[in-house]
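just to be clear, the model below is a prediction. Sequence and coordinates:
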Amino acid sequence: MKFEFLTTDPELVDLRANQSTRQWMDETSESFAYRCLPLNIANAHGWSFHLKQDLLVHWDGRREGEGLTIKSDQPHDRVAASIFGHGILTFHTHGVFQIEKGWNIMVGGSVNEPKDGVSPLTGVIEADWAPYSFTMNWKITRPNHWISFKAGDVFCNVMPVKRGFLETIKPEMRPISSDPVLKEEHDLWGQSRQKFNEELLKEGSYAQKKKWQKDYYRGNRPDGSEGPPDHIIKLRLQEFTKKT
């Protein structure tokens, strides 16, 4: 599928495929956070812009743009700015995305990578026709607090989404008892999870040696049988190739 980024300033752009790793996940005991496959897969969804310099940001609580201070040991006016006031930090992306007809891109912050005192804002852009560049904005949530962005940090994540697809969905909600097969499987899983958690408290038990249940991770059903053949354990996206 066509997905291109036409940059106005290549020297300022560091655009990469997302990785599944996160520093806070590395720092969990025995890196246990990586046992959650949904986190790993979500982390790797999309492509991200990375900063090429360190920034320190402070908001004094004023509505005016002057209330936001940005510091760096390098010129930063073309990287980040205070444009909208109200404690909103704006990053420049320096280019325009193009994608196949009927597709948008969802723009937001790094997936599963929280930052203290500031929250990324999310937008959806019709990139199949719009010749406009866009900015990535973050809302500071805690005034009078210095926020650090380091070189290499993600400041913007992009992911293609099919335009109009959500409107075609007709969601329903019904009791699980209306699907006897699903209910049986869910009950089996619930019983297994309860037993495993109880065994975790027993010194030297099989559960303690195993540490965690891996049925979903391996793509197995609750009875141990194989699940769908397209189950994903790792997601590796292609990098943007550089052309002139």
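Thanks, I have the structure now.

who's in contact with the helix or strand bottoming out on mean pLDDT in the chain?
Every helix and strand of the chain was ranked by mean pLDDT, DSSP states H and E. The lowest is helix 206-210, at a mean of 84. The contact list for helix 206-210 (Cβ atoms under 8 Å, 6 or more residues apart in numbering) reads 196-197, 199-200, 202. In this view, the C-beta of every residue, glycine as well, is placed from N, C-alpha and C.

buried residues in that helix?
Within helix 206-210, the residues scored as buried using 16 or more other Cβ atoms under 10 Å are residue 207.

and what of stretch 22-30?
The neighbour-count check on stretch 22-30 (16+ other Cβ under 10 Å) flags 22, 25 as buried.

show me where the protein has its strands.
Secondary structure of the chain (DSSP state E): strands at 3-7, 15-17, 47-50, 55-59, 68-71, 80-81, 88-92, 95-99, 103-108, 118-120, 123-125, 135-140, 147-149, 154-162.

tell me who's in contact with the closest residue to residue 62 other than its chain neighbours.
Nearest residue to residue 62 in three dimensions, chain neighbours excluded: residue 85, at 7.8 Å (Cβ to Cβ, 6 or more residues apart in numbering). By Cβ under 8 Å, 6+ apart, the contact list for residue 85 reads 62-65, 67-68.

now do residue 99
Taking Cβ under 8 Å, 6+ apart, we find residue 99 in contact with 1-4, 105, 127-128, 160.

so where do the helices sit in the chain?
For the chain, helices defined by DSSP state H occupy the ranges 23-26, 37-43, 180-200, 206-210, 215-218.

distance-wise, check the closest residue to residue 19 other than its chain neighbours relative to residue 232.
Residue nearest to residue 19 in three dimensions, not counting chain neighbours: residue 44, with 6.5 Å by Cβ to Cβ, 6+ apart. Distance of residue 44 to residue 232, given as Cβ to Cβ, to the nearest Å: 10 Å.

show me which of those two is the more surrounded one.
For residue 44 versus residue 232, neighbours defined as other Cβ atoms under 10 Å are more numerous around residue 44 (18 against 11).

contacts only, for that one.
17-20, 234-237.

which one (most neighbours) among those?
Within the contacts of residue 44, most neighbours by other Cβ under 10 Å means residue 18, with 21 neighbours.

how about it, phi and psi?
phi -70, psi 150 (degrees, to the nearest 10).

contacting residues for it?
Counting by Cβ under 8 Å, 6+ apart, residue 18 touches 43-48, 111, 157, 237.
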